[in-house]
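*Asks:* Here is a sequence together with a model predicted from it:
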Amino acid sequence: MHLIAWSIALAWLVPFLGVFSTAVRPVSEITNGWWNFDRLNPSLNNFIAAFTNPVLPLSRAYANSFLIAIPATLIPIFVATLAGYGFARFRFPMRDYLFLSIVLLMSIPQQMIAIPVFKIMLDLNLYDNLLSIILIHSAWGLPWIILFMRNFTRALPLEVEEAARVDGAGDFKIFSKIVIPMAVPALASAAVLQFMWAWNDYFFALILLPTQANWPVTRVVTSIGSGALTTDWGILSAASILTMLVPLVLYVVTQRYYIRGMIGWTIKG
Amino acid sequence: MGGYTLVTRIRHIPSKILLPLLSRISRHGLRPHAGRALFFTPALVLLVLLVIYPVLQTIFLGFYLELPGGQRQFTGLDNYRAVLTDPATINVGNLPWPPPLGTLIHNALWIVIHLPISLFAGLWLALLLQETKGASVVKSCIFLGMVTPMIVGGVILRFLLEAGVGVVPSFFGVIGVRSLAVNWMVHRELLLLGLILGSVWLWTGFSLIVYSAGLTTIPKDYFEAARVDGTPPGRMFFRITFPLLKPLTLVIVVMTILWELKIFDIVVAATNFGGGVGADTLALQVYRFFFYDSNAGKAAVVASLLTLLTLISTSLILRRMAK
């Protein structure tokens, strides 16, 4: 039984091992397949080549991806936590309908807003500007973070907040002094998932950022190493590893929060 | 003076309603919760401007023909008719096989093939790993696909299926299956199937993780009691485990269908846009219609139809999510 499980895990890793094996060796060594280890001279040359590529330097793309993903995480987390708290604690007419409508937006494909967003960004003079994609990620991430934070807040004990209210604390004071400190683990989960989403996104970058100097890693990785007829799998593999390295490290470091965010609302309720 | 008239007037109104209200107003001011709107304002502004308005605009665009010079002409359902009779959407001539079968059929195939395989693979692994040492390491390995950016996932699928670098054609070459020992990327039939089956590798981690978490919520006593009664394991699964996991199964099914409907990155990266239309999906068709053909109307129609499909799927679990 253990043997079956472990061989499945190994089989699952084969593609990654292949990409790794290709990335650390010169092209001449993998002509008989990356699984052929007759000659083996590992080096980081492909990684260096990807990073300093004269046409599409991955170093630049890395900077762009961080410049996009960090604000595209902080803004929606802040905005959605406020709204999520409001939906959990305040009563007002049509609240549940409004909330359901926002949740429904979560399932919509990116293509549904692509054409108008493309035009809006042209009109705002933000087309081909990192700000455009930061804004769109911020808006696009809101529905699921609102849902996530609302469900989290509802599970918090109400007594503490009520006690504070009796003591004369207002809504914002209760929110910032009591709810936020209790919500740190949930905020971490939401931040990890939203950061990964923004980092991994390809489509918004495809329609909003035409200039190569503005490309995030996900766009560079589809073009780097691809010639008209041949593919330089060494550089492409190195670039693939570098592209997934950030979400991978983030996942390893924050595994607990990541999984919790992923299945939190799936399991509950 | 004003206070006095107010008090005299309210005397006649049932005190049951008014006294609490009055005390509330005296404590909090006239509109006690006006500030609460500020909790929602930033979110609503962003959502209305960048999501809701664009969604409505896309629906609207589907009913118009864009003329050169920025003018529009209302054309009713013409775009819908054009899209649904376009061989790029449903390629009647090639049905039932081989590809290209049209984007709608490709997405349907994705659901029919990829959904059951990844769902049951995840369930089977979750059950298997329940009694395995180091299960968390195995789970992490399988979950790697979920962490991988889909664009990189597409590159890796190409890396597996292309002749030369690909381990899949070489493997079939070694075991002597000639018909599969070819470059999957240039054989349209194999390309579509290769991407669909390959994406099982990327997505199984989802159902595995959710089912694993679900299994831990089933009280051990249930199984103990069944074991004492001499219930065979197979029966235990169908009578206890599976029924209790049913709500989770629904969530996994819906989330997986949403993922399959929205397939874009994988196909783009694997075929570099160029694999022709052999593996095109609805999401990719939106892009093609708008950015290649400059046909906003048809692009909007495909996007609207795709959205309709996602909303139908989501409605199955909406209540549960918003509870």
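*Replies:* Received, thanks.

*Asks:* same for the helix or strand harbouring A:Ile134, what does it pack against?
*Replies:* A:Ile134 is part of helix A:130-155 when elements are defined by DSSP states H and E. The contact analysis (3 or more CB pairs under 8 Å, 6 or more residues apart in numbering or on different chains; DSSP states H and E) places helix A:130-155 against helix A:58-69, helix A:71-89, helix A:95-105, helix A:111-123, helix A:184-200, helix A:203-208, helix A:255-267, helix B:37-47. From N, CA and C alone the C-beta is placed, and that goes for glycine too.

*Asks:* Give me the contact list for the helix or strand just after it.
*Replies:* Note on helix A:130-155: by DSSP H and E, the next helix or strand toward the C-terminus is helix A:158-166. Applying CB atoms under 8 Å, 6 or more residues apart in numbering or on different chains, the external contacts of helix A:158-166 come out as A:89, A:173-174, A:177-179.

*Asks:* Would you mind extracting the C-alpha trace of helix A:158-166 into CSV?
*Replies:* Output of helix A:158-166 as CSV, limited to C-alpha atoms (Å, rounded to 0.1, in the frame of the first residue of the first chain):
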residue,chain,number,x,y,z
LEU,A,158,-20.0,38.0,18.7
GLU,A,159,-19.7,38.6,22.4
VAL,A,160,-16.4,40.4,22.3
GLU,A,161,-17.7,42.9,19.7
GLU,A,162,-20.9,43.4,21.7
ALA,A,163,-18.9,44.0,24.9
ALA,A,164,-16.8,46.7,23.0
ARG,A,165,-20.0,48.3,21.7
VAL,A,166,-21.5,48.5,25.2
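
*Asks:* tell me which residues in that helix are buried?
*Replies:* Neighbour-count burial for helix A:158-166 flags A:161, A:164 (criterion: 16 or more other CB atoms under 10 Å in any protein chain shown).

*Asks:* and stretch B:260-273 with chain A, contact?
*Replies:* Yes. For stretch B:260-273 and chain A, the contact criterion (CB under 8 Å from any CB of the partner chain) is met by B:261-262, B:264-265, B:268-269, B:272.

*Asks:* who are the neighbours in contact with B:Trp184?
*Replies:* B:Trp184 touches B:161-163, B:166, B:168-169, B:190-191, B:194, counting by CB under 8 Å, 6+ apart.

*Asks:* Revised request: answer the last question for A:Ile133.
*Replies:* By CB under 8 Å, 6+ apart, the residues touching A:Ile133 are A:68, A:72, A:204-205, A:208-209.

*Asks:* What distance do you get for the residue sitting nearest the centre point of chain B to A:Trp144?
*Replies:* Closest residue to the average C-alpha location of chain B: B:Leu258 at 2.0 Å, with CA atoms, centre = their mean. Here the criterion is CB to CB, to the nearest Å. By it, B:Leu258 lies 12 Å from A:Trp144.

*Asks:* buried residues in stretch A:41-48?
*Replies:* For stretch A:41-48, a neighbour-count test (16+ other CB under 10 Å) marks A:45-47 as buried.

*Asks:* Now render those residues as a markdown table, adding distance to chain B.
*Replies:* A markdown table is the format used below for these (distance: CB to the nearest CB, whole Å):
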| residue | distance to chain B |
| --- | --- |
| A:Asn45 | 18 |
| A:Asn46 | 14 |
| A:Phe47 | 15 |
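
*Asks:* which ones among those residues are found in helices?
*Replies:* If you go by DSSP state H, those have A:45-47 in helices.

*Asks:* May I have the distance across stretch B:44-59, first residue to last?
*Replies:* 20 Å (CA to CA, to the nearest Å).

*Asks:* Out of the residues of stretch B:260-273 next to chain A, which end up buried?
*Replies:* B:261-262, B:264-265, B:268-269, B:272.

*Asks:* now the angle from whichever helix or strand B:Ser136 is part of to helix A:184-200?
*Replies:* Secondary structure from DSSP H and E places B:Ser136 in helix B:135-147. In terms of direction (axes from the mean of the first three to the mean of the last three CA atoms, to 10 degrees), helix B:135-147 departs from helix A:184-200 by 50 degrees.

*Asks:* Which elements pack onto whichever helix or strand comes after helix B:135-147?
*Replies:* Downstream of helix B:135-147, the next assigned helix or strand under DSSP H and E is helix B:150-161. Using 3+ CB pairs under 8 Å, 6+ apart as the contact test, the elements touching helix B:150-161 are helix A:2-23, helix A:217-223, helix A:233-253, helix B:167-174, helix B:188-216, helix B:265-271.

*Asks:* so which of those gets nearest B:Ala299?
*Replies:* Ranking the helices and strands packed on helix B:150-161 by proximity to B:Ala299 (CB to CB) places helix B:265-271 first, at 16.0 Å.

*Asks:* Check the offset of that closest one from the chain's centre.
*Replies:* 17 Å (CA atoms, centre = their mean, to the nearest Å).

*Asks:* Following element in sequence after it, please.
*Replies:* Criterion used, DSSP H and E; the element after helix B:265-271 is helix B:282-287.

*Asks:* Give me the residues contacting that following helix.
*Replies:* A:109-111, A:114, A:203, A:206-207, B:88-89, B:103-104, B:107, B:261-264, B:267-268, B:299, B:302-303, B:305-306.

*Asks:* Only the buried residues of that helix, if you could.
*Replies:* B:282-287.

*Asks:* does B:Pro96 count as helix, strand or coil?
*Replies:* Of the three states, B:Pro96 takes coil under DSSP: H, G, I helix; E, B strand; the rest coil.

*Asks:* ditto for A:Asp128
*Replies:* coil.

*Asks:* quick one: what helix or strand has the residue nearest to the centre of chain B in it?
*Replies:* Element membership of B:Leu258, judged by DSSP H and E, is helix B:242-261.

*Asks:* Can you work out which other helices and strands pack against that helix?
*Replies:* If you count contacts as 3+ CB pairs under 8 Å, 6+ apart, helix B:242-261 packs onto helix A:255-267, helix B:115-129, helix B:188-216, helix B:296-315, helix B:318-321.

*Asks:* Output the below-cut-off pLDDT ranges for the chain.
*Replies:* No chain was given, so I picked chain A. A:227-229, A:263-269 (pLDDT under 70).

*Asks:* switch to chain B, that's the one I care about
*Replies:* Using pLDDT under 70, the flagged stretches of chain B are B:1-32, B:274-276, B:321-323.

*Asks:* Tell me the spacing between B:Pro100 and chain A.
*Replies:* 19 Å (CB to the nearest CB, to the nearest Å).

*Asks:* Make sure that residue is indeed in a strand.
*Replies:* No. B:Pro100 is assigned coil when assessed by three-state DSSP, not a strand.

*Asks:* quick one: contacts for it?
*Replies:* B:88, B:91, B:94, B:106, B:188, B:276-280.

*Asks:* now, among the residues you listed, which is nearest to chain A?
*Replies:* B:Asp280 (13.0 Å; CB to the nearest CB).

*Asks:* picking up where we left off before, could I get the contacts of helix A:158-166 as a markdown table with distance to chain B and neighbour count?
*Replies:* Formatted as a markdown table, the contacts of helix A:158-166 follow (distance: CB to the nearest CB, whole Å; neighbours: other CB atoms under 10 Å in any protein chain shown):
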| residue | distance to chain B | neighbour count |
| --- | --- | --- |
| A:Arg89 | 9 | 19 |
| A:Lys173 | 11 | 13 |
| A:Ile174 | 11 | 20 |
| A:Lys177 | 15 | 11 |
| A:Ile178 | 15 | 17 |
| A:Val179 | 11 | 21 |
